[in-house]
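Chemist: structure for the following, please:
(2 chains)
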Amino acid sequence: MHLSDPFIASRAVRKTTILLLTSVVFFMLFACAASGQRRFSKTYPAGDGVRLDLVNRTGTVTVEGWNRREINISAVLEAPAALIDPQDLSGRILIDVVKDNAGRGDVGNVNFYIRVPYNAMVDIETRIGNLKVTSIRSALVRAHVSAEGDIELTNIMSTGVSAENVSGDIFFDGEIQAGGYYRFTSMQGTINLRIPFPSNFKLMATAPSTRSINLGYFSGGNMRAVGDGRRIVGQAGDGNANIQITNQRGTIAFIRR
Amino acid sequence: MHCDECNELLSSFMDSDLAEVQAAAVRQHLAVCDPCAKVCEELAAIIDLCKSQPPNELVPPNPDALWCRINNIIESEVKPEPLPLPAQARRRLWRFTLPQLASAVLCIALISSLLTVIGIRNYFRPPTDDVSSGTGESQSLLEKLMSKVGLADTPQKARERRLAQQQAAIEYWDRRVSERKAQWNAVMQEKFDKNLNIINESVNDYTRILQQDPNDEITGEMLDSAMDEKMQLLREFAEL
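Modeler: Coordinates of the predicted model:
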């Protein structure tokens, strides 16, 4: 047998390639199994006024508005993998990882990536982990972290917004809608609001420990400090929306959008 | 002569009270008119009957007494008018002592003043969803007044009562968490403890400030909020 024979040479190359590819596939499968990661993906049709309710244990949740009338849920489940059983309750998609895994002591992180129609109401919470919501224009955006995690709400044009954590930063980037209600609460971290100037709202911002409340462009005018600077109350423009911010051991700042 | 005319004159004819000309006309008509003749015969029969019966069966024995009885019966069916109260009792209804009158005047003055004050305050007070009004001066004048006279809790007492309720709930959820905490992984235990400590530090800070200045309403609010946070943290981790 001579390798100089082109037929034999091509066979040898083909064998090597197949061996290599098999090794790669085997290695990938092995790596995946070793890491214990599992993937979950499901799509639901969504009508007008659809609502997403998600309760996660630990992990990152990202919700993004898109221009389709469907909700697409993707999740990466770390070992030991959690059980996920989304429910389609006529106009409401409910994922309750806490309830689905009640009594299971050790459950791995579940990292969600969910796409919803722009006009979907979004109500997400997690015990530990970061929450991100982007491009939503509905009546409700609620993000709640029971303990530790950052909350990032960007490109939000909703009339009802609530973000709450114990420790971690809260960042809101969006427009203040007429008649809207905006509530941001943290025990420790920074709360930053990036909104257009001018905007119309009534404000009550409280930072009792740091007394660091930076109103930026909205300072002066009808804003006044009370309680030795621990709280600022007042009105910007015609004040037809309400903003309530409480940061017990952190700072509050307004940034021009 | 017509029948109507005859009927009108018939009674007088029977009593022979008519002039001869009229009586003749009636007689002529009765001769040719059977219905009128029949009426005349019936009338004559009645007259004969009356003449044949004794007069005491037809005439009441004592008409005056009869009418008197009838009047009595009618009067007995009419409701009697209420008897007038004795003069002493009438006077008692409208007689007040001076302290009673003074108390009544004072009550009326107090109620009207309160209503006026409440009305004015409500008129000038912004709507309840106005967050900028929440500067700690949340107790209304009425509530302050009520607490002054002991009809309502003072802010401090109300806070203490609420704290006691929150503390009871916290103890319950803390027991629930303790039962489950051992099953959590290390990361979760660490994060939970860390965040509970953050809240506890805040609670301790606010409690200390309130001991120095019990009237600090912002600190009171923050303490209330921190206790709620603690309760919520424990409750949500107790589900795991």
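Chemist: and the helix or strand hosting residue B:166, what does it pack against?
Modeler: Using DSSP states H and E, residue B:166 maps to helix B:155-181. Judged by 3 or more Cβ pairs under 8 Å, 6 or more residues apart in numbering or on different chains; DSSP states H and E, helix B:155-181 is in contact with helix B:186-212, helix B:217-238. Bear in mind the C-beta positions are built from the backbone N, C-alpha and C, glycine included.
Chemist: what separates that helix from the chain centre, distance-wise?
Modeler: Remark: helix B:155-181 is offset 44 Å from the chain centroid, using Cα atoms, centre = their mean, to the nearest Å.
Chemist: please identify the deepest-packed of the helices and strands packed on helix B:155-181.
Modeler: Of those, the one with the most neighbours on average (mean count of other Cβ atoms under 10 Å in any protein chain shown) is helix B:217-238, at a mean of 21.
Chemist: what packs against it?
Modeler: Counting contacts by 3+ Cβ pairs under 8 Å, 6+ apart, helix B:217-238 is packed against strand A:201-206, helix B:155-181, helix B:186-212.
Chemist: close to chain B, is the shortest one?
Modeler: Yes - with Cβ under 8 Å from any Cβ of the partner chain as the measure, strand A:201-206 is seen reaching chain B through A:202-204, A:206.
Chemist: nearest residue to residue A:66 other than its sequence neighbours?
Modeler: Excluding the flanking residues, the one nearest residue A:66 by Cβ to Cβ, 6 or more residues apart in numbering or on different chains is residue A:115, at 4.7 Å.
Chemist: dump the residue contacts of the one you found.
Modeler: Residues in contact with residue A:115 (Cβ atoms under 8 Å, 6 or more residues apart in numbering or on different chains) are A:63-66, A:68, A:71-72.
Chemist: count of neighbours near the closest residue to chain B within the stretch 1-150 of chain A?
Modeler: With Cβ to the nearest Cβ, the shortest gap between the stretch 1-150 of chain A and chain B falls at residue A:105, namely 2.7 Å. Using other Cβ atoms under 10 Å in any protein chain shown, residue A:105 is surrounded by 14 other residues.
Chemist: tell me the residues of the stretch 101-250 of chain A that contact chain B?
Modeler: A:102, A:105-106, A:127-128, A:146-148, A:166-167, A:181, A:185, A:187-188, A:202-204, A:206, A:208-209, A:226-227, A:230-231, A:233-235, A:239, A:242-244, A:246, A:248-249.
Chemist: mind checking which of those residues are in strands?
Modeler: Using DSSP state E, the members of these that fall within strands are A:127-128, A:181, A:185, A:202-204, A:206, A:226, A:231, A:233-235, A:242-244, A:246.
Chemist: just the buried ones out of these, please.
Modeler: Neighbour counting by 16 or more other Cβ atoms under 10 Å in any protein chain shown classes A:127-128, A:181, A:185, A:202-204, A:206, A:226, A:231, A:233-235, A:242-244, A:246 among those as buried.
Chemist: tell me the secondary structure at the residue in chain B that chain A sits nearest to.
Modeler: In chain B, the residue that lies nearest chain A is residue B:183 (2.7 Å; Cβ to the nearest Cβ). Here residue B:183 is recorded as coil under DSSP: H, G, I helix; E, B strand; the rest coil.
Chemist: not counting its neighbours along the chain, what's nearest it?
Modeler: residue A:105 (2.7 Å).
Chemist: same check on residue A:47?
Modeler: If the residues on either side of it in the chain are set aside, residue A:47 comes closest to residue A:91, at 6.2 Å by Cβ to Cβ, 6+ apart.
Chemist: can you give me the neighbour number for that neighbour?
Modeler: For residue A:91, using other Cβ under 10 Å, the count is 12.
Chemist: just checking, it touches residue A:49?
Modeler: Yes - look at residue A:91 against residue A:49 with Cβ atoms under 8 Å: they come within range, at 6.5 Å.
Chemist: pairing partners for the helix or strand encompassing residue A:194, with directions?
Modeler: If you go by DSSP H and E, residue A:194 is part of strand A:190-195. Sheet pairing here is set by DSSP bridges, and for strand A:190-195 it gives strand A:170-174 (parallel), strand A:251-256 (parallel).
Chemist: who's in contact with it?
Modeler: For strand A:190-195, contacts defined as Cβ under 8 Å, 6+ apart pick out A:169-176, A:184, A:243, A:245, A:247, A:250-257.
Chemist: for residue 50, give me the pLDDT.
Modeler: Picking chain A for this. As predicted, residue A:50 sits at a pLDDT of 94.
Chemist: other chain: chain B
Modeler: Residue B:50 carries a pLDDT value of 73.
Chemist: ok, then the element right after the least confident helix or strand in chain B by mean pLDDT?
Modeler: Using mean pLDDT, DSSP states H and E, the weakest-scoring helix or strand in chain B turns out to be helix B:87-93, at a mean of 61. On the C-terminal side of helix B:87-93, the closest following helix or strand by DSSP H and E is helix B:98-124.
Chemist: that following helix packs against which elements?
Modeler: Secondary-structure packing of helix B:98-124 (3+ Cβ pairs under 8 Å, 6+ apart): helix B:141-148.
Chemist: neighbours of the residue lying closest to residue B:185 once chain neighbours are set aside, how many?
Modeler: In space, and not counting its chain neighbours, residue B:185 is closest to residue A:106: 4.8 Å by Cβ to Cβ, 6+ apart. Per other Cβ under 10 Å, the neighbour tally for residue A:106 reads 13.
Chemist: torsion angles phi and psi at residue A:106?
Modeler: Per-residue torsions, residue A:106: phi -110, psi 110 (degrees, to the nearest 10).
Chemist: nice, that's everything, thank you.
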